[in-house]
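K.L.:
Build me a structure from this.
(chains A, B, C and D)
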There are 2 protein chains.
Amino acid sequence: MVPSPDRQRNPLRTRNAILDAAASLFAERGYAATSLADVGARAGVSRGAPGYCFGSKAELYRAVLERAIEDVRAAVRSGRERALASGRPSDDVLAGAIGEYFDYLHSHPEFVRLIERAALGGEALPDGLRPAVYAGQEAVAAIAEAAGLDAAPGSEASQLLLTMVSLCWFPVVHRHTVAPAIGVDLDTAAGLGRRREHIMAFVLGGVRSLAEAGGLSHTGRG
Amino acid sequence: MVPSPDRQRNPLRTRNAILDAAASLFAERGYAATSLADVGARAGVSRGAPGYCFGSKAELYRAVLERAIEDVRAAVRSGRERALASGRPSDDVLAGAIGEYFDYLHSHPEFVRLIERAALGGEALPDGLRPAVYAGQEAVAAIAEAAGLDAAPGSEASQLLLTMVSLCWFPVVHRHTVAPAIGVDLDTAAGLGRRREHIMAFVLGGVRSLAEAGGLSHTGRG
DNA sequence: CGATGCTTGCTGGACAGCAAGCAAGCGACG
DNA sequence: CGTCGCTTGCTTGCTGTCCAGCAAGCATCG
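P.N.:
Residues are numbered from 1 along each chain as shown, chains lettered A, B, ... in the order given. Presented below is the predicted three-dimensional model:
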């Protein structure tokens, strides 16, 4: 790697370039199929720079995961605050949350792939996922507020959140495999929008039906 | 690999042993992180046998995927036939289909992981997935019958099936990651059962609500 | 029935290519 | 000049592929 003359020394910039490159490559190809040389090339640094900056490949992977999870945690928090500030009816807030989450995942497919691969495991140690738990708990609290449910672990709010996450997550991963095989188009903006609407309508309908049937503390609008 | 004296020559048995071993290893560790020597060891054959029987690693992977998809296609077909023969009300059939699919995936986590990795792609060519399309179309037809909907591509039946698949699929993959972070227990039989019930109730509620709101041709019971 | 010659299933050594990690080197900055 | 950030040459271990060889079966012949 010939150092271009205009490039100043900038450790932080290098570090972030390597993190970006590694994140995209790990997401695309997986941990085992990505070499440190590939990462260096995409980051515009030398073959050895990733190893130098992060000590080892495993450590680089950990750092990538940590940053990704911290990012999504920040997104959850900001979304929650916006929802709280809006003062809208709970059904609207719930619908808004679903739509926002759906859009967030579809504009960060790299994040989804990364986490998906980590969850499949085996390729490398998925430690350093501690912050993920906090992100999850914050999300449960947010959704419980929105739907007017109890936020305890194992509660209906948890189940509801898992349902929302499942529905928003799947189309990102299986956009080009299961979805077209089933006959759902997710390649066009229109198709994606239809899926989005379906999920929102479906979840709201399901919540309403659960509330009626199970006598939940769902407060409807308020 | 010392050939055990009792082991007779048996090409089919060897081939299947290699396919089994490769399927479990690819599912556990991914394509790139699995060596042909590992496959041979787990299959109880020599290091060179996988390469000899399948020509190349990529070809072995293709064969593994093909068999897995063929298996699930058979399962879909048999489930559909059983549902048709039962003559039960459509809501019951729908609920039964969801429950069966949920159980099928949870008793074949290896299949889920395999397909998930293939969908994430990049690791290897996900060709030979043509049979998957047929399986998908058969499943749409089945679900359309069950819910009394139109089975055309892009129809509500497709959307509904994708919803069912998403909900049943996700807990298998994220059983030890997202689910516990959110506070949903999927490790005990009781927790898994709760999730199962939640999904079934939720989908039925959603379908009913869609039918009421959108004026769908959902025929309720019949 | 036994011997013979060929096919086929499978083994394990050889080899080339690649990737991670190490360390010496080198230019820039303080 | 010393330190820091990074590069580059090299080592070492692993992996896919090729291939020569061996042994089990099978058919044909004596």
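K.L.:
contacts, neighbours, all on C-alpha from now
P.N.:
OK.
K.L.:
mind listing the strands in chain A by residue range?
P.N.:
For chain A, strands defined by DSSP state E do not occur.
K.L.:
can you pull out the helices in it?
P.N.:
For chain A, helices defined by DSSP state H occupy the ranges A:11-29, A:36-43, A:49-54, A:57-86, A:90-107, A:109-120, A:130-147, A:156-173, A:178-182, A:189-214.
K.L.:
Tell me which of the ones you listed sits nearest to B:R29.
P.N.:
helix A:109-120 (8.2 Å; CA to CA).
K.L.:
helices or strands up against that closest one?
P.N.:
Applying 3 or more CA pairs under 8 Å, 6 or more residues apart in numbering or on different chains; DSSP states H and E, one finds that helix A:109-120 makes contact with helix A:11-29, helix A:57-86, helix A:156-173, helix B:109-120.
K.L.:
Let me know the angle separating it from helix A:156-173.
P.N.:
110 degrees (axes from the mean of the first three to the mean of the last three CA atoms, to 10 degrees).
K.L.:
List the neighbours of helix A:109-120 that are in contact with it.
P.N.:
With contacts defined as CA atoms under 8 Å, 6 or more residues apart in numbering or on different chains, helix A:109-120 is touched by A:23-24, A:26-28, A:30, A:65, A:68, A:105, A:124, A:126, A:169, A:172-173, B:28, B:113, B:117, B:120, B:173-174, B:176-177.
K.L.:
7 Å instead, please
P.N.:
When contacts are defined by CA atoms under 7 Å, 6 or more residues apart in numbering or on different chains, helix A:109-120 is touched by residues A:24, A:26-27, A:30, A:68, A:105, A:126, A:172-173, B:113, B:120, B:173-174, B:177.
K.L.:
hmm, back to that, mind putting the helices of chain A in JSON lines, mean neighbour count and mean pLDDT included?
P.N.:
Listed next are those as JSON lines, based on neighbours: other CA atoms under 10 Å in any protein chain shown; pLDDT from 0 to 100:
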{"stretch": "helix A:11-29", "mean neighbour count": "19", "mean pLDDT": "97"}
{"stretch": "helix A:36-43", "mean neighbour count": "20", "mean pLDDT": "98"}
{"stretch": "helix A:49-54", "mean neighbour count": "18", "mean pLDDT": "98"}
{"stretch": "helix A:57-86", "mean neighbour count": "17", "mean pLDDT": "91"}
{"stretch": "helix A:90-107", "mean neighbour count": "19", "mean pLDDT": "92"}
{"stretch": "helix A:109-120", "mean neighbour count": "22", "mean pLDDT": "93"}
{"stretch": "helix A:130-147", "mean neighbour count": "21", "mean pLDDT": "82"}
{"stretch": "helix A:156-173", "mean neighbour count": "23", "mean pLDDT": "94"}
{"stretch": "helix A:178-182", "mean neighbour count": "23", "mean pLDDT": "89"}
{"stretch": "helix A:189-214", "mean neighbour count": "19", "mean pLDDT": "88"}
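K.L.:
among the contacts of helix A:109-120, which two are most distant?
P.N.:
Across these (CA to CA), the longest gap, 22.3 Å, separates A:A68 and B:R113.
K.L.:
Show me what from chain A comes close to chain B.
P.N.:
Chain A comes close to chain B at residues A:28-30, A:32-33, A:113, A:119-120, A:122-123, A:132-133, A:136-137, A:140, A:153-154, A:158-159, A:162-163, A:166-167, A:170, A:173-174, A:177, A:179, A:181-185, A:202-203, A:205-206, A:209-210, as judged by CA under 7 Å from any CA of the partner chain.
K.L.:
Go back to those and keep what's next to DNA strand C.
P.N.:
For DNA strand C, the contacts drawn from the residues of chain A next to chain B by CA under 7 Å from any atom of the strand are A:A32.
K.L.:
Switch the contacts of helix A:109-120 over to TSV; also include distance to A:L149.
P.N.:
Formatted as TSV, the contacts of helix A:109-120 follow (distance: CA to CA, whole Å):
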residue	distance to A:L149
A:S24	37
A:F26	38
A:A27	35
A:G30	38
A:A68	29
A:L105	24
A:P126	32
A:V172	28
A:V173	29
B:R113	33
B:L120	35
B:V173	26
B:H174	23
B:T177	23
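K.L.:
which one among the residues you listed gets closest to B:V93?
P.N.:
The closest of the contacts of helix A:109-120 to B:V93 turns out to be B:V173 (CA to CA; 25.9 Å).
K.L.:
quick one on the thing from earlier: I'd like the helices of chain A laid out as TSV, including distance to B:E100.
P.N.:
Converted to TSV, the helices of chain A look like this (distance: least, CA to CA, whole Å):
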stretch	distance to B:E100
helix A:11-29	32
helix A:36-43	44
helix A:49-54	47
helix A:57-86	34
helix A:90-107	28
helix A:109-120	23
helix A:130-147	28
helix A:156-173	18
helix A:178-182	18
helix A:189-214	20
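K.L.:
Which residues does stretch A:167-176 contact?
P.N.:
With contact meaning CA under 7 Å, 6+ apart, stretch A:167-176 is reached by A:102, A:105-106, A:109, A:113, A:186, A:199, B:119-120, B:163, B:166-167.
K.L.:
ugh, typo on my part, it should be stretch A:182-189
P.N.:
Taking CA under 7 Å, 6+ apart as the rule, stretch A:182-189 contacts A:175, A:179, A:191-192, B:136-137, B:140, B:153-154, B:158-159.
K.L.:
go on, stretch A:41-48?
P.N.:
By CA under 7 Å, 6+ apart, stretch A:41-48 touches A:1, A:17-18, A:21, A:36-37, A:40.
K.L.:
Now render those as JSON lines, adding distance to DNA strand D.
P.N.:
Below are the contacts of stretch A:41-48 laid out as JSON lines (distance: CA to the nearest atom of the strand, whole Å):
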{"residue": "A:M1", "distance to DNA strand D": "3"}
{"residue": "A:A17", "distance to DNA strand D": "9"}
{"residue": "A:I18", "distance to DNA strand D": "10"}
{"residue": "A:A21", "distance to DNA strand D": "13"}
{"residue": "A:L36", "distance to DNA strand D": "10"}
{"residue": "A:A37", "distance to DNA strand D": "8"}
{"residue": "A:G40", "distance to DNA strand D": "7"}
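K.L.:
Pick out the most distant pair among those.
P.N.:
A:M1 and A:A21 (15.7 Å).
K.L.:
what's the spacing between A:Y31 and B:R13?
P.N.:
33 Å (CA to CA, to the nearest Å).
K.L.:
And A:R42, by the same measure?
P.N.:
Using CA to CA, one gets 45 Å for the distance from A:R42 to B:R13.
K.L.:
Over to A:D20?
P.N.:
Using CA to CA, A:D20 is found at 47 Å from B:R13.
K.L.:
what do you get for A:V207?
P.N.:
The spacing between A:V207 and B:R13, counted by CA to CA, is 51 Å.
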